[in-house]
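S.K.: Got a predicted structure plus its sequence, pasted below:
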Amino acid sequence: MDIFMLIALTIGPGIAIAMYIYMRDRFDKEPRKLLLKCFLWGGFSIIPAIIIESAAFQFIVPIQNDLLFLLLYTFVVIALTEELCKYYFIRRTAYNEKSFDEPFDGIVYSVMVGMGFATFENIKYVVEGGFEVAILRMFMAIPAHAVFGIMMGYFIGKARFASGKDRRAFLFSGILIATMLHGAYDFFLMYEAYPALWLAAIAVVLLGVQMSSQAIRLHMKNSPFNKSKYLKSK
């Protein structure tokens, strides 16, 4: 296997999805420098995620019930930790920027952070597993992280222009939905008692893609920069 092909398979999918979301932002493009910053900080977020996951794992090791152990491991140790780490860097890098001036920007910045995380995580797994892992993650894990990012970003975009309880509710909803999708995806992949459940993991990704498409359409339709919206209302 050509090393350049393996590198392309490792970093290409995350960059391709990030570019796709960037191109969907038709009405008011975000600063490229800030997008790159989000992507790189998203990659960096894998470090605190690994540290927190390692520490949290020690708390669930004594659990004897295999099902309960796996539920806590996938939904709390992995999903919640990783989504909170990504959320933290979204808040630190983009949330308060002046360029965050419409709800759709929540999706753009969240996906940039998410794809940075997924790409750097991909490097780790592909180094360990090689070509087969790169192919599998290209069609599963990377799109899954994109879905998590879009769903969290949809609600972050709504929160950015809300206040008080509504803002907190939107932020909580974004983290919750991303965590539930992430946890379900990992759980179905890891539940070895029923190996065929990996098909349910695919179903989670497909459901997430459908939800993400709707979220993108809603924010684009309601964009304050969407001139066609105002023309139709006249």
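M.R.: Thanks, I have it.
S.K.: Name all residues that make contact with residue 147.
M.R.: For residue 147, the contacting residues are 181, 205, 208-209, 211-212, by CB atoms under 8 Å, 6 or more residues apart in numbering. In this view, the C-beta of every residue, glycine as well, is placed from N, C-alpha and C.
S.K.: which of those are buried?
M.R.: Buried members of those, scored by 16 or more other CB atoms under 10 Å, are 181, 205, 208, 211-212.
S.K.: Where helices are concerned, which of the contacts of residue 147 count?
M.R.: 181, 205, 208-209, 211-212 (DSSP state H).
S.K.: and which of the residues you listed is nearest residue 96?
M.R.: residue 212 (24.7 Å; CB to CB).
S.K.: thought the closest one was touching residue 148?
M.R.: No - contact criterion CB atoms under 8 Å: residue 212 and residue 148 do not qualify, at 9.3 Å.
S.K.: Which pLDDT does the model give the spatially most central residue of the chain?
M.R.: Geometric centre of the chain, nearest residue: residue 149, 2.8 Å, by CA atoms, centre = their mean. pLDDT for residue 149: 97.
S.K.: same thing with residue 24?
M.R.: 91.
S.K.: got it, and residue 1?
M.R.: 55.
S.K.: next one: residue 4
M.R.: 79.
S.K.: Quick check: it vs residue 131, distance?
M.R.: Going from residue 4 to residue 131 by CB to CB, to the nearest Å gives 13 Å.
S.K.: higher neighbour count, those two?
M.R.: residue 131 (13 against 8; other CB atoms under 10 Å).
S.K.: isn't that one right next to residue 8, touching?
M.R.: No - contact criterion CB under 8 Å: residue 131 and residue 8 do not qualify, at 11.4 Å.
S.K.: Tally up the residues packed near residue 82, please.
M.R.: 28.
S.K.: go on, residue 71?
M.R.: Neighbour tally, residue 71, other CB under 10 Å: 16.
S.K.: for residue 22, same thing?
M.R.: So residue 22, with other CB under 10 Å, has 15 neighbours.
S.K.: Where does it sit, in terms of helix or strand?
M.R.: helix 3-24 (DSSP states H and E).
S.K.: after that helix comes which helix or strand?
M.R.: Trace forward from helix 3-24 with DSSP H and E and the next one is helix 32-44.
S.K.: So what touches that next one?
M.R.: By CB under 8 Å, 6+ apart, helix 32-44 touches 18, 22, 86, 89-90, 92-94, 97, 99, 108-109, 112-117, 119-120.
S.K.: Just the buried ones from those residues?
M.R.: 18, 86, 89-90, 93-94, 108-109, 112-117, 119-120.
S.K.: Is it correct that the residue nearest to the centre of the chain is in contact with residue 113?
M.R.: Yes - the criterion here is CB under 8 Å, and residue 149 meets it with residue 113 at 6.9 Å.
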